[in-house]
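Trainee: sequence and predicted structure are below.
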Amino acid sequence: TMVYISPLAVATALALATNVDAFLAPQSSSSSANQLRMADGPSDILWTPSWKTGERDEVIGPLGKYCEDLYSVKRRPTRTVTCGPIKFGSDHPIVRQTMATTDTANVEASIEQIMRCADKGFDMVRITVQGKREANAAAQIREGLFKKGYDIPLCADMHFQPKVAQLVADAVEKIRINPGNFADGRKDFEDKVYESESDYIKDREYLMEAMVPLVQTCKDLNRCMRIGTNHGSLSSRVLSYYGDTPRGMVESAIEFADICRSQDYHNFVFSMKASNPLVMVQSYRLLASEMYRLDWDYPLHLGVTEAGEGEDGRMKSAVGIGTLLADGLGDTVRVSLTEDPEFEYEPCNRLSEMAESRLAATHPEAAERQKAVKKYVDTRDIFSFSRRIGDLPEKKEEEKVDVGLFLNPNGSVISTVLPKMLSQDSAPYLYKELGFKTAVGMPFKDIATSDSIFMRTLPKQDDANARTALRRMMEVGTGVIVPAKELEENPLENAVALVSLTEAVESNGKLPEGAIRLAVEIDGNESDDVIAKVKDLDPVMVFISVADNLSQLHSARRIFEIFKTNDIKTPAIHHYKTTAGESNELALELGTKVGSLLTDGNGDGILIEQVGETNFSVDFLRNTGFSLLQGCRMRNTKTEFVSCPSCGRTLFDLQETTADIMDATGHLPGVTVAVMGCIVNGPGEMADADFGYVGTLPGKVDLYYGKEVVRKSIKNEEAVDELVALIKSYGMWKDKEEEEAEEEVAVVA
């Protein structure tokens with residue numbers, strides 16, 4: 001029997017046999033045993049074996065782990081990459097960085113802003129370099145900063161301009177290149193047809209022509225480089241071969257890394273940015289796993305691109321960045337907000353602090369919490385996303401309220417309510433805070449109404465007004481969840497009784513008087529056998545409220561593994577207790593600690609409970625919960641905005657324009673609007689958007705439907721109205737509802 005072996009496989013096998021270390025990251029550039037020969041053309045490079053043909057699996061072996069330890073937080077070991085006075089890598093603190101928003105050609109303004117960023121605490125600042133004018137300005141900025149006593153390293157952000165990148169490398173410490181447009185900037189989105197792998201790799205010659213001179217310059221000058229792939233700006237070549245996928249992002253980066261390695265240049269880091277946190281997390285994990293397989297040890301730069309502004313921008317960034325940091329991935333962080341760069345420092349620094357506080361090696365208390373989690377086997381598939389969707393409870397014939405409405409299949413928000421909020425004077429306002437619409441004082445659910453409420457204590461039975469308010473909410477499908485002990489002393493008909501799982505098992509799920517169904521709370525200290533009994537108890541929902549002595553991340557992962565093993569499909573609500581006193585801090589906490597579970601598809605909703613002083617309104621916490629679900633791509637209750645953070649390329653006032661667009665279109669759930677300051681962050685970066693608003697010339701804007709420009713060169717002052725008209729023309733508009741008259745007050749009066 002004849003067996004066909006491809007020429008590439010033969011070449012790869014021979015290369016490995018003669019120089020297996022060529023695929024491995026050298027321990028130092030001076031190690032002669034690991035030197036790669038300099039490449040003059042594509043055929044001289046020892047390219048990483050193809051993933052698509054399966055040769056990588058055959059030659060190197062299958063993908064394995066993506067992080068250093070699944071059961072405790074350990075930083076992924078990396079080499080040290082130098083960038084002027086700072087160092088990236090696992091032996092060094094996480095590097096905090098931002099990007100200037102000034103016109104780089106305005107040297108004085110740029111120097112002043114960079115100094116403010118340095119004074120704030122940033123370790124590095126990126127500046128945009130569009131052409132030779134900006135490259136010359138970068139040199140003046142660098143010199144001006146030195147004269148003022150600032151040695152903070154600068155990174156030049158390069159798109160489309162390989163020759164300019166070489167020029168500016170003389171002036172700055174780091175070059176960021178985007179594989180999607182550095183050499184292959186043909187953003188036509190037209191499908192290319194590749195009949196074979198050999199057809200695809202023929203195009204590598206022009207990649208070499210663009211990259212090798214820059215690599216040699218960076219090597220000679222000891223400059224740092226970031227190979228920064230963006231989900232929305234993959235080249236048409238990669239899109240056609242791999243699709244708009246995390247795999248395409250990773251393969252694009254590996255191809256450029258192969259060119260760097262062919263020149264024995266290793267002073268670079270990777271990034272895998274996307275505006276969708278789920279895509280971003282999957283891409284970084286896939287890249288990390290590939291690096292483990294290839295025995296590469298390059299550091300990772302983390303960021304969610306075009307995250308937006310305010311709490312939503314911080315939440316989305318925390319979901320993506322926090323999830324990866326929680327597994328020990330990431331060596332430098334940038335939080336991209338549509339705000340002045342100085343405002344990026346607090347979330348950037350806070351995410352880094354949270355990550356460092358979890359490290360088992362340097363924080364004994366964190367190590368103890370991680371060690372205290374009972375043994376389990378982590379079987380998550382980190383290479384694809386699928387959400388565990390709990391089965392909603394079904395109404396029984398004898399039940400007076402519909403328990404199936406207590407939760408939402410796309411993710412639920414449960415709000416904490418205090419008895420005093422139900423008084424005759426307060427109840428109408430509580431309805432509004434919970435997101436109800438009202439008619440003649442009666443509440444009914446809307447698109448972003450709390451699905452259920454949680455009350456630790458109930459109003460007394462003789463408080464007729466408060467009890468009437470509860471009954472009215474129940475009648476329209478709102479669950480009222482109350483600890484069983486409270487219900488025993490103060491019964492409420494049709495309430496859901498909350499019991500610890502251990503107590504529920506001991507009592508065989510016995511309900512207090514008047515309770516309609518059971519909910520159980522798991523704290524993670526239970527045995528596997530006890531957790532498995534959730535299936536027999538058949539509660540309407542499970543609250544996951546991890547005990548303080550356990551690692552919240554690992555304990556919750558264990559609980560979901562037990563659910564998977566025992567085919568338990570009960571909806572799981574993350575019960576998050578917070579002492580945060582500031583809204584941005586809460587957004588970062590939730591994104592990191594709960595978002596890191598939702599990005600794995602584990603969780604059916606969120607309950608935020610304030611512990612101690614009450615700092616936030618019911619309305620704020622409800623909206624924060626819905627923002628978390630939307631940021632994790634679960635439930636859309638408002639317009640999704642993809643908004644770039646502004647830079648020197650921006651052709652309009654991005655913050656003001658974004659605010660105007662959000663005001664005009666923010667009431668359209670299910671619609672995604674991208675606001676981009678320039679064409680570099682234009683059609684490609686709007687991969688997930690329905691409509692795009694993109695600066696093209698000073699004072700002019702183009703409007704997009706998907707990736708197609710449909711209206712060109714619109715004056716800035718007319719563009720928001722034109723965007724609204726465009727949304728209407730595609731049948732995706734609805735008028736804003738008028739603010740409700742304060743009829744509730746009239747009814748009370």
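Mentor: It's in. In this text the structure is predicted, and so the values were computed from the model without any measurement.

Trainee: now residue 327. Nearest residue, chain neighbours left out?
Mentor: residue 67 (4.1 Å; CB to CB, 6 or more residues apart in numbering). (Glycine included, C-beta is placed from N, CA and C.)

Trainee: ok, the nearest residue to residue 670 once chain neighbours are set aside to residue 234 distance?
Mentor: Closest residue in space to residue 670, ignoring its immediate chain neighbours: residue 636 at 5.2 Å, by CB to CB, 6+ apart. Distance of residue 636 to residue 234, given as CB to CB, to the nearest Å: 25 Å.

Trainee: what about the two, which has more around it?
Mentor: In terms of neighbours (other CB atoms under 10 Å), residue 234 is the more surrounded of residue 636 and residue 234; the figures are 28 against 19.

Trainee: so what's the residue nearest to the more buried one when sequence neighbours are not counted up against?
Mentor: Computed as CB to CB, 6+ apart, the closest residue to residue 234 that is not its neighbour in sequence is residue 180, at 4.8 Å. Contacts for residue 180 (CB atoms under 8 Å, 6 or more residues apart in numbering) come out as 229, 230, 233, 234, 235, 238, 252, 684.

Trainee: tell me if I'm right that the residue nearest to residue 327 and residue 328 touch.
Mentor: Yes. Under the criterion of CB atoms under 8 Å, residue 67 makes contact with residue 328 at 5.3 Å.

Trainee: contacts only, for residue 514.
Mentor: Residue 514 touches 487, 491, 492, 493, 494, 495, counting by CB under 8 Å, 6+ apart.

Trainee: run the last query once more with 10 Å
Mentor: Taking CB atoms under 10 Å, 6 or more residues apart in numbering as the criterion, residue 514 is in contact with 487, 488, 490, 491, 492, 493, 494, 495, 497.

Trainee: which members of the residues you listed occur in strands, if any?
Mentor: residue 497 (DSSP state E).

Trainee: make a markdown table from the contacts of residue 514 and add neighbour count and distance to residue 528 to it.
Mentor: Shown next, in a markdown table, are these (neighbours: other CB atoms under 10 Å; distance: CB to CB, whole Å):
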| residue | neighbour count | distance to residue 528 |
| --- | --- | --- |
| 487 | 21 | 29 |
| 488 | 13 | 30 |
| 490 | 17 | 35 |
| 491 | 15 | 34 |
| 492 | 24 | 34 |
| 493 | 15 | 36 |
| 494 | 18 | 33 |
| 495 | 28 | 30 |
| 497 | 28 | 25 |
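
Trainee: what about residue 709, which SS state?
Mentor: strand (DSSP: H, G, I helix; E, B strand; the rest coil).

Trainee: so what's the closest residue to it other than its chain neighbours bridging to?
Mentor: Leaving aside its sequence neighbours, residue 709 sits nearest to residue 702 (CB to CB, 6+ apart; 5.0 Å). In this entry, residue 702 is beta-bridged to residue 694, by DSSP bridges.

Trainee: where's residue 702 relative to residue 57, distance?
Mentor: According to CB to CB, residue 702 and residue 57 sit 44 Å apart.

Trainee: of those two, who's got more company?
Mentor: residue 702 (21 against 14).

Trainee: what's near enough to touch the more buried one?
Mentor: 676, 679, 682-683, 692-696, 709-714, 719.

Trainee: where does confidence bottom out across the residues you listed?
Mentor: Minimum pLDDT across the contacts of residue 702 is recorded for residue 682, with 47.

Trainee: circling back to that earlier point, switch the contacts of residue 180 over to JSON lines; also include secondary structure, pLDDT and distance to residue 292.
Mentor: Converted to JSON lines, these look like this (DSSP: H, G, I helix; E, B strand; the rest coil; pLDDT from 0 to 100; distance: CB to CB, whole Å):
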{"residue": "229", "secondary structure": "strand", "pLDDT": "91", "distance to residue 292": "18"}
{"residue": "230", "secondary structure": "strand", "pLDDT": "88", "distance to residue 292": "23"}
{"residue": "233", "secondary structure": "helix", "pLDDT": "80", "distance to residue 292": "26"}
{"residue": "234", "secondary structure": "coil", "pLDDT": "84", "distance to residue 292": "23"}
{"residue": "235", "secondary structure": "coil", "pLDDT": "84", "distance to residue 292": "26"}
{"residue": "238", "secondary structure": "helix", "pLDDT": "87", "distance to residue 292": "23"}
{"residue": "252", "secondary structure": "helix", "pLDDT": "94", "distance to residue 292": "19"}
{"residue": "684", "secondary structure": "coil", "pLDDT": "58", "distance to residue 292": "29"}
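
Trainee: which of the residues you listed sit farthest apart?
Mentor: 252 and 684 (12.5 Å; CB to CB).

Trainee: name the residues contacting each of these two.
Mentor: 178, 180, 230, 234, 235, 239.

Trainee: from these, pick the one nearest residue 549.
Mentor: Of all those, residue 549 sits closest to residue 230, with 41.2 Å by CB to CB.

Trainee: the closest one reaches residue 179, doesn't it?
Mentor: Yes. Using CB atoms under 10 Å, residue 230 makes contact with residue 179 at a distance of 8.8 Å.

Trainee: overlap in contacts, the two.
Mentor: Shared contacts of residue 230 and residue 179 (CB under 10 Å, 6+ apart): 249, 252.

Trainee: these two touch, right, residue 80 and residue 95?
Mentor: No. Judged on CB under 10 Å, residue 80 makes no contact with residue 95 at a distance of 11.6 Å.

Trainee: who's more crowded, the two?
Mentor: A count of neighbours by other CB under 10 Å puts residue 95 above the other of residue 80 and residue 95, at 25 against 14.
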